[in-house]
Structures are given as structure tokens and as C-alpha cells.
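Undergrad: Model the structure of this input:
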Amino acid sequence: MSGSSIAPRRTYDNRARQEKAAQTRERIVTAGSELVHEFDSWNWRDLTFKAVAERAGVGERTVYRHFPTERHLHDAVMQQLESEAGVSYEDVDLTNIGDVTAKVFASLQRFSVRTSVETPQDPTFVGVDVRRRDALLRAVSTSAPEWSAAEKHATAALLDVLWNVPSYERLVGEWGIDAADATRAIGWLMSKVVGAIEDDDPPPA
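TA: So this is what the prediction gives:
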């Protein structure tokens, strides 16, 4: 009888601890996202355990328990930002590439970033670049299976140049084009590349 009364309490306690841990993790990631929105560049060197812990109202040890390295923390914050923007690289194909790009650029308008900056070398950003390039190459290869590897590679690279954040920032910062107009212009040019794929008109490669 004593055993049957203890088991339910332990199950409840475990569930309560798990729920509390999940809430704490979410609070930490949210704090990281809030900090990133205040940065004046895409350099995340200030997204540290200490800064996030202070914003989240927890100790640094608590952050360490959920994220063993700053890379893990940065990756979690990036996933949060992508989720906020409604971006999923796994679902990219030539039919939605313009919409996905527009979502990425629209999300930039919620940040403090105002001028063009060099692409940061933070491993998290490098990881995003790799996922984006893989998605583009996969989309092109699926739609143009008869093209040579060099033609597919060059086409995916062209789309990547258009999609990349510095391209958008240059239009807005250097050319003074309205953010929404810059997004539409890039989408228009990307549609030309997609049209070439649909017309079986590969680039010189």
C-alpha cells in the first residue's frame, strides 16, 4: 500500500520538474532572442551566457545546464528566430523560394540592424548558410535533373547571392530602397532565375 502511494507522487514530481525545466529553457531562449533584436549588427559575440542569464533572470549555471556551450545557445536562438519568421529550409523548393526569402527579409525589419555588415563567422551563421545552400542546390537539382553538376551549382549559387542578407542590406542601406520594395525586387529577380530553370535555359558553366 505504501508503494502504491509513493509511485504516483514520484511520477507527478518528475513531470513537474520536466515542465519547469522546459519553461526555464524557453525563458532563456526568449531572452537570447530579445538581446539579438537589440544588437546593432549580426555579430553575436555579445550573446554570452552571462548576458542571457541576466536578461532571463537566472544564474549562469542554469544556462549551462540547458546549453553546454555558447554554440548550442546560439543555435537555439537561431531556431527561435527562424520559427518567428516562419522559415523552414527543409521545405524549400522552386515554387516557394520567393516566399521563404521574403519571410527572411521581413524578419530583418524587426531588428536594430540598419547598415550593411560583413557576414559574421559565428558557427551558427555558418551553419545557416550551409543549410540554405543545401536547400537551394536540392531545389535546383530536383527541378533540373538533366543539367550538369556545374550548371546546377552555378544556378544555386546565383539564387544564394540574391537570398543572402548582405544583398538585401545593400539595397536598403546603400541604395536607399524601401525594405518592402527591396524584398519585392529581389523576389522579382529570383523569379527570373526560376523561369530560366523552367525554360531549361541553364547558365554558362
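Undergrad: For Ala31, what is the enclosing helix or strand?
TA: Secondary structure assigned from DSSP states H and E places Ala31 in helix 2-38.
Undergrad: what's the host helix or strand of Val193 packed up against?
TA: Using DSSP H and E, Val193 sits within helix 179-198. On a contact count with 3 or more CB pairs under 8 Å, 6 or more residues apart in numbering; DSSP states H and E, helix 179-198 meets helix 97-108, helix 123-143, helix 149-163, helix 165-173. All C-beta atoms are positioned from the backbone trio N, CA, C, and that covers glycine.
Undergrad: ok, and the closest non-adjacent residue to the most centrally placed residue in the chain?
TA: Of all residues in the chain, the one closest to the mean position by CA atoms, centre = their mean is Glu82, 4.3 Å from it. The shortest distance from Glu82 to any non-neighbouring residue, by CB to CB, 6 or more residues apart in numbering, is to Ser88 (7.4 Å).
Undergrad: backbone phi and psi for that neighbour, please?
TA: phi -140, psi 110 (degrees, to the nearest 10).
Undergrad: I'd like the numbering to begin with 28 instead of 1 from here.
TA: Taking 28 as the first residue, the last one we looked at is Ser115.
Undergrad: what's around it, how many residues?
TA: 13 (other CB atoms under 10 Å).
Undergrad: And stretch 100-118, what's buried?
TA: Using 16 or more other CB atoms under 10 Å as the test for burial, stretch 100-118 gives Leu100, His101, Asp102, Ala103, Val104, Met105, Gln107, Leu108, Glu109, Ala112, Val114, Tyr116.
Undergrad: what's the spacing between Gln106 and Trp71?
TA: Distance, Gln106 to Trp71, using CB to CB, to the nearest Å: 14 Å.
Undergrad: care to break this protein down by domain?
TA: Here the domain assignment for the chain is 29-107, 113-225, based on automatic domain parsing.
Undergrad: that older thread, quick one, grab the pLDDT at the residue nearest to Glu109.
TA: Per-residue confidence at Ser115 stands at 84 (pLDDT).
Undergrad: separation between it and Gln45?
TA: In terms of CB to CB, Ser115 sits 27 Å off from Gln45.
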